[in-house]
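S.K.: Have a look; sequence and predicted model below, questions after that.
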Amino acid sequence: MAKLFWQSLLAVPAALGAAVAVSGSGSAIAAGAATPQVSFDQDSVQLAQITSVSELTDVLPSDWAFQALQSLVENYGCIQGYPDRTFRGQRSMTRFEFAAGLNACLDVIATLIAQSGINPEDLATIRRLQEEFQSELATLRGRVDALEAETATLRAQQFSTTTKLRGQVDMHLVTPFDTIPGETSTSVAARARLNFDSSFIGDDRLRIRLQGGEGNAFEAIYGLANAGGSNYNVTVDDFYYSFPVGNRITVTAAARGLSGDDWVTSTIVPFDGPAVADAGAPRFYGTGGSSSNGAGVGVNIALTDNIVLDAGYTAGAPGAFDPSVGIFAATGQSYIAQLNFLTDGFFNAAVSYLHNDLSSEFAVDGLGTAAPAGATDTFAGLLSLDFGGFFITGHGAYQTFNGGNDFSWTAGVGFNNFLAEGAQLGVYGGQLPQLAGYTDNPFIVEGYYEIPFNQFLTITPALIYGDASLAGTIDNTGLWGVLRATFRF
């Protein structure tokens, strides 16, 4: 009798193929269709035993599994319905529902075995199903064993239980069509990054980024967005830890790499990222902030689901790391505050304020000439309007420094999914911040087309026109063609 019970128990999954499976997955799964989304709602649902299939209001005689349901109800009494007299055979079932249905049928089978009341024909059917699906069950058991062995190997050989390694490589081919002084030939620029991202509680992140690169172009108008480094010397470009405080506050502490727009939730303009020229990102973040080589702390506060307040402080190097100076006396201290209105729809906007004690970035991003000493204050507004297939975006920034002032702006339009899924066509232009050594504000216009070939490779051709407004030169204008290949892994 015990042997008969266990044979019957092993046959239950096959015997319930037309019953318990129907209870959750319905005819779509039986027909081999893709598995729909499963709801993992674990709220208590009181299933009720039924005595006739006619009690189920959503089960019709024309349903493909009607006979199976009728047989299980009338012969074994192990089908349950929902309190609203529905069976819900067209949706996915949860593991809880599967367990409830399986348990109900097992109780009946166990009772019949104990009472020796199983119909010989039914028992023969169970045994036939067991034999018929024996090879499939053996194959499934072998696959599970192989997956368990592979999982054990991966766990034993994995790099880390808390850290993921991510990389990005950007390679540029830059050809000047109309040259400015110092840029007359086709050149190459490349940058490689490795991010080590660790998480200890699930929604925190410790990032250590190693970076190396060589080359750049049209630096008089701020250069390439994805360039940096010299002689491929590897440096620690980012070193910070970000963690949540409650549900609406995130705090970030940085030892290196964060300043300006690194502290904000969004720079609003969609050109920041796809654009090949660095001017695609609002440049006031860099010219009004301290060097990213320093240390700092930032906080992001979600006041509501759509309104976010960002704040950040950076103390410039080397003073921030010098015990005789310290973070509060370091040169190049900067502060930023930005209030964002962020949605998943039409309207996104932000207002920003930055203060920098020493305008070191004016020299770093310019020609290397001495920048005016003194503080810089920046007031800026950013706006993006998303119409679905295309967007219009731009920003404006007013800066005061060393008794003078400056105004910069960019504006443009972009088309999402242009000619290909995930592709973006964008055209923007604007007046960039004026740096030391310039007679006027540089001007730039860029058109780019970002094409994702797959999850690993993106190709972005771009055409860039710029007027550098350099002091002491005859021709300040240039036209460049750039082809950027980005690999992610």
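M.R.: All right, it came through fine. A quick note: this is a predicted structure, and the numbers were derived from the prediction, not measured.
S.K.: Which pLDDT value goes with residue 24?
M.R.: pLDDT, residue 24: 37.
S.K.: which ones are touching residue 192?
M.R.: Counting by CB atoms under 8 Å, 6 or more residues apart in numbering, residue 192 touches 167, 168, 169, 170, 211, 212, 213, 232. No exception for glycine: its C-beta is placed from N, CA and C like everyone else's.
S.K.: Let's verify residue 124: helix, strand, or coil?
M.R.: Assigned by DSSP: H, G, I helix; E, B strand; the rest coil, the conformation of residue 124 is helix.
S.K.: I'd like to know how many residues surround it.
M.R.: Counted with other CB atoms under 10 Å, residues neighbouring residue 124 total 11.
S.K.: From residue 74, how far off is it?
M.R.: Between residue 124 and residue 74 the distance is 19 Å, computed by CB to CB, to the nearest Å.
S.K.: Endpoint to endpoint, stretch 434-450 covers what distance?
M.R.: With CA to CA, to the nearest Å applied, stretch 434-450 spans 29 Å between its terminal residues.
S.K.: From the chain's centroid, how far away is the helix or strand that contains residue 211?
M.R.: Assigned by DSSP states H and E, residue 211 belongs to strand 205-214. A distance of 18 Å separates the centroid of the chain from that of strand 205-214, by CA atoms, centre = their mean, to the nearest Å.
S.K.: same thing with stretch 132-140?
M.R.: Distance of stretch 132-140 from the chain centroid (CA atoms, centre = their mean) equals 41 Å.
S.K.: List the buried residues for that stretch?
M.R.: Residues of stretch 132-140 classed as buried under the neighbour-count rule (16 or more other CB atoms under 10 Å) are residue 133.
S.K.: again, but for stretch 247-260
M.R.: 250, 252, 254, 255, 256, 257, 258, 259, 260.
S.K.: partner residues bridging residue 460?
M.R.: Under DSSP bridges, the beta-bridge partners of residue 460 are residue 484.
S.K.: hang on, it packs against residue 276?
M.R.: Yes. Judged on CB atoms under 8 Å, residue 460 makes contact with residue 276 at a distance of 5.9 Å.
S.K.: quick one: low-confidence parts of this protein?
M.R.: 1-49, 115-118, 288-292, 358-374, 403, 435-438, 470-475 (pLDDT under 70).
S.K.: The stretch 251-400 of the chain: helices as residue ranges?
M.R.: 284-287, 360-364 (DSSP state H, counting those that start in this stretch).
S.K.: Need the residues touching each of residue 460 and residue 276.
M.R.: By CB under 8 Å, 6+ apart, the residues touching both residue 460 and residue 276 are 448, 484.
S.K.: out of those two, which sits in the busier spot?
M.R.: When neighbours are counted by other CB under 10 Å, residue 460 and residue 276 differ, and residue 276 comes out ahead with 27 against 24.
S.K.: wait, what's in contact with the closest residue to the more buried one other than its chain neighbours?
M.R.: In space, residue 276 comes closest to residue 462 once its chain neighbours are excluded; the distance is 3.9 Å by CB to CB, 6 or more residues apart in numbering. Applying CB under 8 Å, 6+ apart, we find residue 462 in contact with 275, 276, 277, 446, 447, 448, 449, 481, 482, 483, 484.
S.K.: Let's see that with 7 Å instead.
M.R.: 276, 446, 447, 448, 482 (CB atoms under 7 Å, 6 or more residues apart in numbering).
S.K.: Where helices are concerned, which of the residues you listed count?
M.R.: Per DSSP state H, helices hold no members of the contacts of residue 462.
S.K.: Export those to a markdown table and append columns for distance to residue 319.
M.R.: Below are the contacts of residue 462 laid out as a markdown table (distance: CB to CB, whole Å):
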| residue | distance to residue 319 |
| --- | --- |
| 276 | 35 |
| 446 | 36 |
| 447 | 42 |
| 448 | 39 |
| 482 | 37 |
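S.K.: May I ask which of these has the most neighbours?
M.R.: Tallying neighbours with other CB under 10 Å puts residue 276 at the head of the contacts of residue 462, with 27 neighbours.
S.K.: wait, doesn't that one sit right on residue 484?
M.R.: Yes. Contact criterion CB atoms under 7 Å: residue 276 and residue 484 qualify, at 5.4 Å.
S.K.: shared neighbours of these two, which are they?
M.R.: Here residue 276 and residue 484 share the contacting residues residue 460, scored by CB under 7 Å, 6+ apart.
S.K.: Which strands and helices lie in contact with the longest strand along the chain?
M.R.: Counting residues, the longest strand found in the chain (DSSP state E) is strand 163-178. When contacts are defined as 3 or more CB pairs under 7 Å, 6 or more residues apart in numbering; DSSP states H and E, strand 163-178 sits against strand 187-198, strand 477-488.
S.K.: could you redo these as a markdown table and give each row distance to residue 380?
M.R.: What follows is those, written out as a markdown table (distance: least, CB to CB, whole Å):
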| stretch | distance to residue 380 |
| --- | --- |
| strand 187-198 | 27 |
| strand 477-488 | 27 |
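S.K.: out of the ones you listed, nearest to residue 221?
M.R.: Proximity to residue 221, assessed across those by CB to CB, is greatest for strand 477-488 (8.0 Å).
S.K.: Going by neighbour count, which residues in that closest one are buried?
M.R.: Buried residues in strand 477-488, counting neighbours by 16+ other CB under 10 Å, are found at 478, 479, 480, 482, 484, 486.
S.K.: Packing partners of it?
M.R.: Looks like strand 477-488 contacts strand 163-178, strand 457-467 (3+ CB pairs under 7 Å, 6+ apart).
S.K.: for these, which one sits closest to residue 323?
M.R.: Of those, the one closest to residue 323 (CB to CB) turns out to be strand 163-178, at 30.8 Å.
S.K.: Starting from that closest one, tell me which strands it pairs with and how they run.
M.R.: When pairing is defined by DSSP bridges, strand 163-178 lines up against strand 187-198 (antiparallel), strand 477-488 (antiparallel).
S.K.: That one vs strand 457-467, what angle?
M.R.: Relative orientation of strand 163-178 and strand 457-467, computed by axes from the mean of the first three to the mean of the last three CA atoms, to 10 degrees: 40 degrees.
S.K.: Off-centre distance for strand 163-178?
M.R.: Relative to its chain's centre, strand 163-178 lies at 20 Å (CA atoms, centre = their mean).
S.K.: what comes into contact with that strand?
M.R.: By CB under 7 Å, 6+ apart, strand 163-178 touches 159, 183-184, 186-198, 217, 224, 226-227, 477-489.
S.K.: list the buried ones in that strand?
M.R.: For strand 163-178, the neighbour count (16+ other CB under 10 Å) marks 168, 169, 170, 171, 172, 174, 176 as buried.
S.K.: Tell me the bridge partners for the fourth one.
M.R.: Beta-bridge pairing for residue 171 (DSSP bridges): residue 190, residue 485.
S.K.: Skipping its backbone neighbours, what lies nearest residue 420 in space?
M.R.: Distances taken as CB to CB, 6+ apart place residue 451 nearest to residue 420, at 6.2 Å, with adjacent residues excluded.
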